[in-house]
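# how does the following fold in three dimensions:
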Amino acid sequence: MKKILLIGFLFIFAGLFAQCNITGADQIQVGERQQYSAENAIADCVDCYDWSYMDQKIILEGNTHINPLTIKGAVQGNAILSLEIKTVTGTSKCKKSIQVIAPTSKVLDVNAQKCNIEIDAFKEVRISDTNVVLEAIAPNNNFNYQWTVHYRNGSKKVSNEKVGTFAFSNEKGIDLVELNVTGKQCIKKISKTYNHNFWYFF
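All right, here's what the predicted structure looks like:
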């Protein structure tokens, strides 16, 4: 009787740990890398993990059959990361929702205490297959704007329009955009970097 109870307890104990759980950031920026790990499930071998994702919003980097896994944000939106683990008692499955967001702009205020420029970010608007418009969020006609676009091939282009129009392509991707907003009291500098996949899926 004791042996039966012991065996039953072991099966219950194993079953509790068969339910896997994915730990890691709930939110990731485009171009950012984060590490995700499986917990609570005891794998039967080192490479008994099967990470998968069928869309293009995130990229699974490296070996997808080991734990942990590195993920890179590619396209804005919601991604569901799936994992299947071979355990000593069978198969354990779990999923995790990951929100992919736009790269965070870096803002630098010159003479920030007196600066009245409230612009903190800009957006990209695709107007054709080869052209993108860059526009400051909540633009003000009283300010002067200077856009500097740095391309992956080393070239750059400057525009002094309030709304900048720039060419782009898969071969001529944009790595960095710098915006200088000039007011009467100060200059605000805003920059944003892009990973290689941003313009491919843009």
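
# what is the burial count for residue 153?
10 (other Cβ atoms under 10 Å). In short, each C-beta sits where N, CA and C put it, glycine included.

# for it, which non-adjacent residue is spatially closest?
residue 172 (6.4 Å; Cβ to Cβ, 6 or more residues apart in numbering).

# the one you found against residue 150, yeah?
No - with contact defined as Cβ atoms under 8 Å, residue 172 and residue 150 do not form a contacting pair (11.4 Å).

# between these two, which has more neighbouring residues?
Neighbours per residue, other Cβ under 10 Å: of residue 172 and residue 150, the larger number sits with residue 150, 17 against 14.

# what about the more buried one, which helix or strand?
strand 144-151 (DSSP states H and E).

# could you list the buried residues of that strand?
Residues 145-147, 149-151 are the ones in strand 144-151 that count as buried (16 or more other Cβ atoms under 10 Å).

# give me the helices and strands touching that strand, please.
strand 131-136, strand 156-159, strand 163-167, strand 174-182 (3 or more Cβ pairs under 8 Å, 6 or more residues apart in numbering; DSSP states H and E).

# distance to residue 199, mean neighbour count and mean pLDDT added to the ones you listed, as CSV?
Shown next, in CSV, are the helices and strands packed on strand 144-151 (distance: least, Cβ to Cβ, whole Å; neighbours: other Cβ atoms under 10 Å; pLDDT from 0 to 100):
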stretch, distance to residue 199, mean neighbour count, mean pLDDT
strand 131-136, 8, 18, 94
strand 156-159, 15, 14, 94
strand 163-167, 11, 17, 95
strand 174-182, 6, 19, 91
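
# out of those strands, which is closest to residue 91?
Across these, residue 91 has its closest neighbour in strand 174-182 (42.6 Å, Cβ to Cβ).

# list the strands paired with the closest one, with their directions.
Here strand 174-182 is paired, per DSSP bridges, with strand 144-151 (antiparallel), strand 187-193 (antiparallel).

# so which of the ones you listed gets nearest residue 126?
Here strand 144-151 is closest among these (Cβ to Cβ), at 14.7 Å.

# can I get the closest one in CSV, CA atoms only?
C-alpha atoms of strand 144-151 as CSV (Å, rounded to 0.1, in the frame of the first residue of the first chain):
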residue,chain,number,x,y,z
ASN,A,144,12.7,75.3,-37.2
TYR,A,145,13.3,71.6,-38.1
GLN,A,146,16.4,69.9,-39.4
TRP,A,147,16.3,66.2,-40.2
THR,A,148,19.4,64.2,-40.8
VAL,A,149,19.1,60.6,-42.1
HIS,A,150,22.0,58.2,-41.9
TYR,A,151,21.8,55.3,-44.3
